[in-house]
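Trainee: Sequence first, predicted model second:
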Amino acid sequence: MRFDLVDLRLFVNIVECGTITGGAAQTHMTLASASQRVIGMEEVLDTPLLLRAKQGVTPTEAGRTLMHHARLVLEQVERMRDELGEYGAGLQGHVRLLCNTSAMTEHLPDVLSSFLVRHPRVSIDLEEQPSVDIVDAVRAGHCDIGIVSDAVDVEGLRHFVFRRDDLVLVVPRGHALARRRRVALFELVECEFVGLSEGSPLQALFSLHARRLGRRLSFRVRVRSFEAVCRMVERGVGVGIVPRASADRCSLSMKIGRIAMTDAWAARHLLACVRREEDLPLNARRMLDHLLADAPAQP
């Protein structure tokens with residue numbers, strides 16, 4: 001059996017893209033060359049690796065086995081490259097990082113910029129996804145590190161507290177609740193809300209808890225960002241629930257009030273999660289250490 005690293009990288013890219021065309025493009029290869037390489041691998045193994053359909057391709061049982069080992073080999077090569085890069089100029093490493101919306105907008109910009117300044121030969125592949133998708137990606141080895149809400153299941157992963165991410169109520173100044181220091185969701189069910197777009201995990205969270213109270217929240221408008229929620233609240237459209245860090249930042253330039261929520265689900269942490277620290281490439285281990293350098297105490 002003779003597979004080279006290009007074969008392995010191509011196969012991983014094909015499976016992750018779901019098409020041979022997409023995998024070829026990711027590997028900077030023509031479609032004809034990619035197809036021939038896959039056929040060659042299947043001939044060597046004397047078994048199909050992909051199920052081909054009009055919609056794309058999916059791995060067979062043999063393909064899934066190859067995928068597992070290909071990722072292990074490529075990760076080991078990346079670790080070797082990172083560690084050897086310590087001895088030579090010009091070699092670079094990269095870290096694959098997935099994060100949720102709150103981490104992306106409020107907590108990561110300063111941390112990542114300081115890391116990049118400290119490690120000028122390292123780049124970061126950063127992508128925003130829902131927390132539930134991130135933990136699946138970490139388990140599957142599609143990224144090095146994930147930053148997720150502690151509301152999701154991180155079983156089987158090593159996880160560490162990255163930042164506090166409590167939720168607060170934001171109201172216009174002069175609102176009937178503006179003088180309150182604390183409030184619970186059951187006190188808000190008659191309010192009109194500014195919400196986040198359909199599909200937002202955070203939106204789904206407090207809508208779920210409202211249903212558990214036997215009520216449905218009334219949304220006058222749904223917007224795409226925490227800043228947009230705060231802006232609508234400032235103008236008197238309704239009240240909103242956002243992470244405290246977003247509310248604190250927006251309050252510097254907007255006339256809004258922030259009220260702590262007493263509900264247990266509103267007291268949240270962001271978690272940095274990995275499969276195993278010892279399996280991380282060198283630069284990913286450095287990134288994890290950097291992320292946790294100013295983290296609060298582990299609960």
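Mentor: Received, thanks.
Trainee: Do a quick rundown of the strands in the protein.
Mentor: Listed in chain order, the strands of the chain (DSSP state E) span 50-53, 56-59, 93-99, 122-128, 145-149, 158-164, 167-172, 182-183, 192-196, 218-223, 240-243, 256-261, 269-274.
Trainee: looking at those strands, which is closest to R79?
Mentor: Shortest distance between R79 and the strands of the chain, using Cβ to Cβ, is found for strand 93-99: 9.3 Å. Quick note: C-beta positions are derived from backbone N, CA and C, even for glycine.
Trainee: what's the angle from the closest one to strand 158-164?
Mentor: Here strand 93-99 runs at an angle of 70 degrees relative to strand 158-164 (axes from the mean of the first three to the mean of the last three Cα atoms, to 10 degrees).
Trainee: quick one: strand 93-99 to strand 145-149, angle?
Mentor: Computed with the same axes, to 10 degrees, the direction of strand 93-99 lies at 20 degrees from that of strand 145-149.
Trainee: check contacts around the residue nearest the centre of the chain.
Mentor: Within the chain, one residue has its C-alpha closest to the average C-alpha position: by Cα atoms, centre = their mean, that is C99, at 2.6 Å. Contact partners of C99, counting by Cβ atoms under 8 Å, 6 or more residues apart in numbering, are L108, L126, E127, E128, Q129, I134, G146, I147, V148.
Trainee: that older thread, redo the strands of the chain as TSV? Include mean pLDDT.
Mentor: Formatted as TSV, the entries for the strands of the chain read as follows, by pLDDT from 0 to 100:
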stretch	mean pLDDT
strand 50-53	93
strand 56-59	93
strand 93-99	89
strand 122-128	90
strand 145-149	97
strand 158-164	96
strand 167-172	97
strand 182-183	97
strand 192-196	95
strand 218-223	94
strand 240-243	96
strand 256-261	97
strand 269-274	97
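Trainee: can you redo those as a markdown table with distance to V138?
Mentor: Below are the strands of the chain laid out as a markdown table (distance: least, Cβ to Cβ, whole Å):
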| stretch | distance to V138 |
| --- | --- |
| strand 50-53 | 25 |
| strand 56-59 | 20 |
| strand 93-99 | 7 |
| strand 122-128 | 13 |
| strand 145-149 | 4 |
| strand 158-164 | 9 |
| strand 167-172 | 24 |
| strand 182-183 | 35 |
| strand 192-196 | 24 |
| strand 218-223 | 29 |
| strand 240-243 | 22 |
| strand 256-261 | 29 |
| strand 269-274 | 6 |
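Trainee: Can you tell me which of these is nearest to F206?
Mentor: Each of those was scored for nearness to F206 using Cβ to Cβ, and the closest is strand 240-243 (5.4 Å).
Trainee: which parts of that closest one are buried?
Mentor: Of the residues in strand 240-243, those scored as buried under the neighbour-count criterion (16 or more other Cβ atoms under 10 Å) are G240, I241, V242, P243.
Trainee: quick one: which of those is nearest T60?
Mentor: In terms of Cβ to Cβ, no member of these lies closer to T60 than P243, at 43.3 Å.
Trainee: Without its sequence neighbours, what residue ends up closest to the closest one?
Mentor: Leaving aside its sequence neighbours, P243 sits nearest to S102 (Cβ to Cβ, 6 or more residues apart in numbering; 4.7 Å).
Trainee: thought the one you found was touching D150?
Mentor: No. Under the criterion of Cβ atoms under 8 Å, S102 lies out of contact with D150, with a separation of 11.5 Å.
Trainee: Quickly list what's touching both of the two.
Mentor: Common neighbours of S102 and D150, using Cβ under 8 Å, 6+ apart, are L270.
Trainee: of these two, who's got more company?
Mentor: S102 (27 against 16; other Cβ atoms under 10 Å).
Trainee: and the more buried one, how far is that from Q26?
Mentor: For S102, the distance to Q26 under the criterion Cβ to Cβ, to the nearest Å works out to 29 Å.
Trainee: All the helices of the stretch 101-250 of the chain, in order from the start?
Mentor: Counting by DSSP state H, counting those that start in this stretch, one finds helices in the stretch 101-250 of the chain at the ranges 101-102, 108-118, 131-140, 201-212, 226-234, 244-251.
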